[in-house]
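>>> sequence first, then the predicted structure, then my questions.
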Amino acid sequence: MPVYVYEAAQPEPSCPTCANGFETVQSIHDPRLAVCPKCGAAVRRVIMAPAIGRSKSKLDDRAKAAGFTKLKRLGKGEYEKMY
């Protein structure tokens, strides 16, 4: 299920939820929130860029820790062990 970000049009200063915006997990089929769940202030959904992918170095570290070997191709039929 996707994570949606909401912000208040006129945030209530005493409400910690809508003062800085908040995230919520909702189904695509669920209706948008219209009000802050804590104070009832009007909110709108914010379009955010998706976070896709992982750091290649972290994947290499995880593979190495799991006991896998990485090979670098030198030429036709020749490989060098990286780790």
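Here it is on my side, so go on.
>>> now the residue lying closest to residue 43 once chain neighbours are set aside: which helix or strand?
In this structure, residue 43 finds its nearest non-sequential neighbour in residue 6, 4.5 Å apart by Cβ to Cβ, 6 or more residues apart in numbering. To be clear about C-beta, it is placed using only N, CA and C from the backbone, and glycine gets the same treatment. For residue 6, the host element (DSSP states H and E) is strand 3-8.
>>> so what strands line up beside that strand?
According to DSSP bridges, strand 3-8 forms sheet pairs with strand 22-25 (antiparallel), strand 43-46 (antiparallel).
>>> give me the below-cutoff pLDDT ranges for this structure.
Filtered on pLDDT under 70, the chain yields the residue ranges 1, 53-57.
>>> can you rerun that using 90?
Low-confidence segments of the chain (pLDDT under 90): 1-4, 8-28, 35-41, 46-83.
>>> can you give the domain ranges for it?
Using automatic domain parsing, the domains assigned to the chain come out as 3-46, 53-83.
>>> what's the end-to-end length of the longest one?
End-to-end span of domain 3-46 (Cα to Cα, to the nearest Å): 11 Å.
>>> not counting its neighbours along the chain, what's nearest residue 8?
residue 18 (3.8 Å).
>>> phi, psi of that neighbour?
As for residue 18, its main-chain torsions (degrees, to the nearest 10) stand at phi -90, psi -10.
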